[in-house]
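Trainee: Here is a sequence with its predicted model. Questions after.
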Amino acid sequence: MISDILLRPRLILLVVIMLTLAGLASFGNMARQEDPVFPSRNGLITVLYPGATADALERLILEPLQDEISQVEEVLEFTAVARSGVALINIGLQDNIYDTDPAWERVRQAMDRARLEFPAGVRQMELDDRMTSNPAVVLALAGDPSVVTLSDAAERLKRQLTDLPGLSRIEIEGDADEQITIAVQDAELSRLGITPAYLANLIGQRNQVSPGGFIVVDSKRVSLLSNNEFEDVASIRRTQIALPGGGHVPLASIAEINRTPAQPEQPATWMDSERVVTLNIFIQENQVDAIGFGENLRARIQELAPAFAPLEINELFFQPDQVESRLSDLQGSLLLSMLIITLVVFAGMGWRMGVLVAAMLPLVTLISLGVYDMGGGVLHQIAVIGLVISLGILIDNAIVMVENIQNHLSDGNTRQQSMLLAVRELAGPLGASTGTTLAAFTPLLLSSGGTADFTRGIPVMIMLTLSISYLLAISVAPLLAAWFLRPEQTPRSAWFDRFGARLAAISAAWPRLIIVAGLLIVGGSLFLSNFLNFQFFPNADRPQVVIEIFLPEGTDQAYTDQISEDFERLTRAQDNVVSVHRFVGFTGPGFYYNLPNSTRAPNRARLVVNMQSLDDTDSLIRWAREHAATTLPEVDIVAGTLAQGPPRVAPVEVRLYHADNNTRLAAAEHIFRLLKAIPGAVDVRHDIDLGTPVLRAIVDDASAQRHGVSRADVAQTLFARSFGVDAEQYRQELDPIPIVLRSPDGPDTSISQLLSSYVYNDAGDAIPVSLIARIEADWQEAGIQHRNGVRVYSITAGLAPGYNFNQILDELNAQLTAEPLPAGTRMELGGDLEGSGEANQAILNTAPIGILLLLFFLILQFNSFTRVGIILLTVPLAAAGIFPGLILTDSPFGFQPLLGIIALVGIVVNNAIVLLDRIDQRLLDGVTVNEAVSDAVTRRTRPILLTTATTVAGLLPLALSASTLWPPMAWAIISGLLASTVQTLLVVPAVCRLTLKPVKAELGRGVVQERLS
């Protein structure tokens, strides 16, 4: 079959040229982004119940809602918090769900069932099932002190951008929802003899949307309009109020009517100390070139800017610049790797063979990109990293094939004979070696979860490029080699052959000693693993510091704003600070893929500090911690750079459960105290609720009944005093604005004013609240945390430089042995330990498939358990270099080095297959085992060394790059490959000499004929 295809060279070249051109076109047009997009497995349910306490929200909202959500089988876990006026539930779906829409539909059905049990007064319940989506661009509108003005401008700008190609949606944040407040004094109502209910009913009657129809005049329809709706605020002020004693007064004479921000106060955004309103601009995921989208957006903003003057349209976060910078750096590494590999190939094989082998690099790369794009692939840093890793591996097949053809030509065969002989000899072994490499990456490809989703581009790209490189190695490479090469009088491999002969002599002289030495080296390197620094994922390399500010639950947002403003002012005064963005009452837009966000939290603020360089971040982080510890004891500060990998709350997280609240509280305080004392644990904090003061109105039922009122009347009066009651809606805006009737002071009402409030009975009589109720001070929980429906306390900690989560947890467990938790307390560990465990477990779950595939290809090629065992021996031999290499380069061991080890398995197995296949060929020719091994080592030293050299050379730009994410993986492959190459050329031949048996000549000739046929 292969021989028939090779006899049609024009067809082969035409197909290759077409695929290469398609790849070139794809490279210019394919979607680009910095990081992979995670499936929409995370959602947030927000329930607004103004005025309700945390305890009431837990009983009335969380309990029925969690009961229903827990019955949705697609839900993996959920966490909830109830705080004054709002309940939030974060939901995570199962890791193996990729089509998430049906799952979220079932969650919505659960919400609808729970809603039937909710009390009256719940204003809103909504599900955001796109929490994992991050805006590509965040624009900030500034230039006016009025947030209302900025909000209106943001709405206008949003409408002007909705037709941008590739746009998904635009969300406005930091804006001010409005209300029309009718503030009226109880004393004024009592003097006029009217009640708030009467006033609200009258306003509602004057603001009805009632169509008047039309009449036909001269063949034209003339609409009939009536002034039955408020046209502006002035018309509300002019509304006439009928008095019980006769006469009318305008509403403005008895109440203050103003257009004001809605209560309670909404989250706010500040850009360099200036209040702004932001537009979060989302692009269509996995479909759009983010760089091109950014260029189009900037061009549109430049056109629109004059129309919005004097307001300014600024860029708060601009992800397309990050995409361009990241991909440019990685593409530079890719090109540099290609250049270095080409030089190595030229040096090792000569210019003729070097040209042929080096030509495979652009061909395979472009064809792979074309196929990747046709399959819906996106060009991001993970895919480019997969290309860089595969560069040194993908030319292995071409190296072996071209060298074999050159040897046949030098032996006197014709060009066509040399080509066909080489393909017949190597199609099977190269296919087996390629298959084993694909098998090594299969677990990564099939595993699920956040880490697997983040790194899946690596196995996809490597498996794709290796498959294409194999196809080109048995088709294009032989054709070009047969045309271009010529017999060599003095083989260029003479030096390699002499070196290989010396290695063969060493393994022949002391086979047992070499095996023992190899095993000792492996054991020694495994011992060095105790000195490794473990890190699941490293921090990002952006010069940004994120400072999280936590105040006690129950803190008003105005106070959070004041504290965070002071902190921002001091932060801006630090050295090398470029700019500071502040978010109050929430954590701001999700400008980074794994940054945990909170949509509503009056006690929280976040500062995003842009520094001049990455080196400047450490000093600012130290200052933030020291300043908070010395001057802000009531404030928790968590400062750090951005992290890589799947989202998590903190590197160290301890969750505590107990049925008794006091016991759980004691356990949390105990863990908090222990963690604070452990060296290397920083930013230690807990979510223990310290409580908040409440005022209880204790109604005297007998007195209330005598005056014709009830407890509900008192509650409604208090609510109207603070938040107000919705009388109607003002509908002259794009979105309706509530018309709220309340007291002039609203939430700022004093206790004495509360006591002087009036409750109205059915007869319209005004009864002072103090006559039927007393006000008592009390203390109540301000925030209640749940995890999977169970109350929980969490204690989190960051890591100081040079420490890892294992060290902190080991010390914590040691201290808990001496000072155990209260009996019955259940402790659960999250953070990096949970994330790394889930990632490793995901790979382990699919590892059997990869192992079976690897064994399948090896058995298919060699049909010998002995030979399969010898080949698999190279896998532990690679460990001789991995751990020493990571220690020498001061690289942490985490998920990236684990990826490197998986890639290394495929490479070292390939080397062993190439060596063992040559041994079998010689054995089939009837030579002795020692002669076969010596000849194989001599002849295969060059391709094995060249494979090592090209792989190492291709990874050096990645290993020496400024990135924090990929050097550990590159060094793991480089150091492991260098050690395993030596082991392959010494230990494997030694094992072969002691285990393999010679083949009878008659059998050998028959097998040779069978193979060549």
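Mentor: Perfect, I can see it now.
Trainee: got the end-to-end distance for stretch 69-86?
Mentor: 18 Å (C-alpha to C-alpha, to the nearest Å).
Trainee: Next: stretch 34-44.
Mentor: Note: stretch 34-44 ends 25 Å apart using C-alpha to C-alpha.
Trainee: Show me the shaky parts of the stretch 601-750 of the chain.
Mentor: Within the stretch 601-750 of the chain, the segments meeting pLDDT under 70 span 731-734.
Trainee: the strands in it, which residues?
Mentor: 604-611, 636-641, 652-657, 681-686, 692-699, 725-730, 737-742 (DSSP state E, counting those that start in this stretch).
Trainee: a markdown table for the ones you listed, including mean neighbour count and distance to Ile91?
Mentor: C-beta: built from backbone N, CA, C; applies to glycine. Below are the strands of the stretch 601-750 of the chain laid out as a markdown table (neighbours: other C-beta atoms under 10 Å; distance: least, C-beta to C-beta, whole Å):
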| stretch | mean neighbour count | distance to Ile91 |
| --- | --- | --- |
| strand 604-611 | 23 | 20 |
| strand 636-641 | 21 | 24 |
| strand 652-657 | 24 | 17 |
| strand 681-686 | 22 | 24 |
| strand 692-699 | 14 | 27 |
| strand 725-730 | 19 | 30 |
| strand 737-742 | 21 | 30 |
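Trainee: element containing the nearest residue to Leu888 once chain neighbours are set aside, please.
Mentor: Spatial nearest neighbour of Leu888, excluding adjacent residues (C-beta to C-beta, 6 or more residues apart in numbering): Ser975 at 7.6 Å. Element membership for Ser975, per DSSP states H and E: helix 967-995.
Trainee: Just the buried residues of stretch 576-584, please?
Mentor: For stretch 576-584, a neighbour-count test (16 or more other C-beta atoms under 10 Å) marks Val577, Val580, His581, Arg582, Phe583, Val584 as buried.
Trainee: ok, residues contacting it?
Mentor: Applying C-beta atoms under 8 Å, 6 or more residues apart in numbering, the contact partners of stretch 576-584 are 174, 267-273, 316, 557, 560-561, 564-565, 568, 571-572, 588, 605-613, 616, 619-620.
Trainee: out of those, which are inside helices?
Mentor: Residues of those located in helices (DSSP state H): Gln557, Thr560, Asp561, Ser564, Glu565, Glu568, Thr571, Arg572, Ser619, Leu620.
Trainee: how about the buried residues of stretch 576-584, which pair is most distant?
Mentor: Val577 and Val584 (19.1 Å; C-beta to C-beta).
Trainee: that older thread, and the residue nearest to Leu888, how far from Leu958?
Mentor: Taking C-beta to C-beta, to the nearest Å as the measure, Ser975 falls 14 Å from Leu958.
Trainee: Adding secondary structure, write the buried residues of stretch 576-584 out as CSV.
Mentor: Shown next, in CSV, are these (DSSP: H, G, I helix; E, B strand; the rest coil):
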residue, secondary structure
Val577, strand
Val580, strand
His581, strand
Arg582, strand
Phe583, strand
Val584, strand
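Trainee: TSV please, covering those residues and showing distance to Phe230 and pLDDT.
Mentor: Shown next, in TSV, are the buried residues of stretch 576-584 (distance: C-beta to C-beta, whole Å; pLDDT from 0 to 100):
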residue	distance to Phe230	pLDDT
Val577	49	94
Val580	42	95
His581	39	95
Arg582	37	95
Phe583	35	95
Val584	33	94
